[in-house]
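> Sequence first, then the predicted structure:
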Amino acid sequence: MPFQVKATVTGFLGDEERYLYHFRHKVGEEFMYDAEKYVGPLCPSMCRVLIPEMMPFHAIGPRVISPLRYYYSFQYAPVSRKVPENARYDGMGFGNVLATPVEPPYHMSVLRPNPSVWPPPTERTIQKQASTATRILNQFSKKEIEKIYPALSPIMVDCLLEELQLMEYIETTDGKVSVTEKGRARLEGFKAELSKEERQALRM
């Protein structure tokens, strides 16, 4: 569940009269990354400074703690493959490869610091909602867990629960999860955006 990130010009440092700023940014201007595209003006000289700072917020919202993979749910997803007929489930058409790929030592994929493994690890450094995640998984069939990308696992559900709670879509009390009014409204908005085929596939 990547987050949208917005940067806002709040002021300028230095002597603006003596050292003119040619891009002419104005206080209040906004630059946003919505997980698909960048929107808004941005001075080229600022790209290499600003965009790397935006990516952690895109991945995990306001909980910027290193390493990012601790919170980024897709770090716990298996390798994917093209399955066009699955687009009715995920909107893109991906399928899971439920096996850990084994590549030669100098293969490009080895450069990734945290390669995809299946099954994923059973816990992170701190596992706050493992029992809740397991109970949620028990409500899905094996086909639903493994066919739709990304494949679900306790650690994946744990990540998603944290994000939903951070967005105030759910509340967790004594290990029990309940949907908030904000969450219900978001769910109804999501359902309204689905096609008839997608609603049937997702049982909504």
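Looks like it came in fine. Residues are numbered from 1 along each chain as shown.
> okay, and the helix or strand of the chain with the least pLDDT?
Least confident helix or strand, the chain: helix 130-137 with a mean of 78, by mean pLDDT, DSSP states H and E.
> Show me what that one packs onto, helices and strands only.
helix 154-166, strand 176-179 (3 or more Cβ pairs under 8 Å, 6 or more residues apart in numbering; DSSP states H and E). All C-beta atoms are positioned from the backbone trio N, CA, C, and that covers glycine.
> after that helix comes which helix or strand?
Elements were assigned by DSSP states H and E; along the chain past helix 130-137, the next helix or strand is helix 142-147.
> by contact count, what packs against that next one?
In terms of contacts (3+ Cβ pairs under 8 Å, 6+ apart), helix 142-147 is packed against strand 94-97.
> from the chain's centre, how far out does the strand it packs on sit?
17 Å (Cα atoms, centre = their mean, to the nearest Å).
> Tell me the buried residues in that strand?
Phe94, Gly95, Asn96 (16 or more other Cβ atoms under 10 Å).
> wait, doesn't the last one sit right on Glu144?
No. Counting by Cβ atoms under 8 Å, no contact exists between Asn96 and Glu144, whose distance comes to 11.7 Å.
> ok, back up a step: can you list the residues that contact the least confident helix or strand of the chain?
123, 145, 152-155, 157-158, 161, 172, 175-177 (Cβ atoms under 8 Å, 6 or more residues apart in numbering).
> run the last query once more with 7 Å
Applying Cβ atoms under 7 Å, 6 or more residues apart in numbering, the external contacts of helix 130-137 come out as Glu123, Ile145, Leu152, Pro154, Val157, Asp158, Leu161, Thr172, Gly175, Val177.
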